[in-house]
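A.B. asks: Here is a sequence with its predicted model. Questions after.
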Amino acid sequence: MSDTDSYIYDEASGEWIAAGDATAAATDDAVVVRDSVGNVLADGDQVTLIKDLTVKGAGQTLKRGTLIKSIRLTGDAQEIDCRYEGIKGLVLRAEFVRKR
């Protein structure tokens, strides 16, 4: 059996696709995270808050204009993971930040 005869079943679409096309489809499925104005975010970017946000469980409010350094993407198109002084496990929605 040659490489041109091998097929892979794609569960998302429910179709059999050629093995060469499967690798291209896998790279197209990458989640693109955009900030409030449409800029594409990436791991390590710095963002600024565009709205005052009350942090549940921390009893703290992050003010508009607060700089968040070194964000990480979570795989969800609307959530980013970040660190801030005194708050562990802070996850922000991308709609409330702007890329710096």
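C.D. replies: Sure, I can see it. Residues are numbered from 1 along each chain as shown.

A.B. asks: Tell me how far stretch 90-100 lies from the chain's centre.
C.D. replies: 10 Å (Cα atoms, centre = their mean, to the nearest Å).

A.B. asks: what about that stretch, start to end distance?
C.D. replies: In stretch 90-100, first residue to last residue: 19 Å (Cα to Cα, to the nearest Å).

A.B. asks: Any chance you could list what contacts that stretch?
C.D. replies: 33-37, 39, 41, 45-51, 53, 55, 67-68, 74, 77-84 (Cβ atoms under 8 Å, 6 or more residues apart in numbering). Placement of C-beta: from N, CA and C, glycine included.

A.B. asks: any idea how far residue 94 is from residue 72?
C.D. replies: Separation of residue 72 from residue 94 (Cβ to Cβ, to the nearest Å): 12 Å.

A.B. asks: Between the two, point out the one with more neighbours.
C.D. replies: Neighbours of residue 72 and residue 94, each counted by other Cβ atoms under 10 Å, are more numerous for residue 94; the result is 21 against 13.

A.B. asks: Lowest mean pLDDT among the helices and strands, pick that one out for this protein.
C.D. replies: Lowest by mean pLDDT, DSSP states H and E among the helices and strands of the chain is helix 19-28, with a mean of 58.
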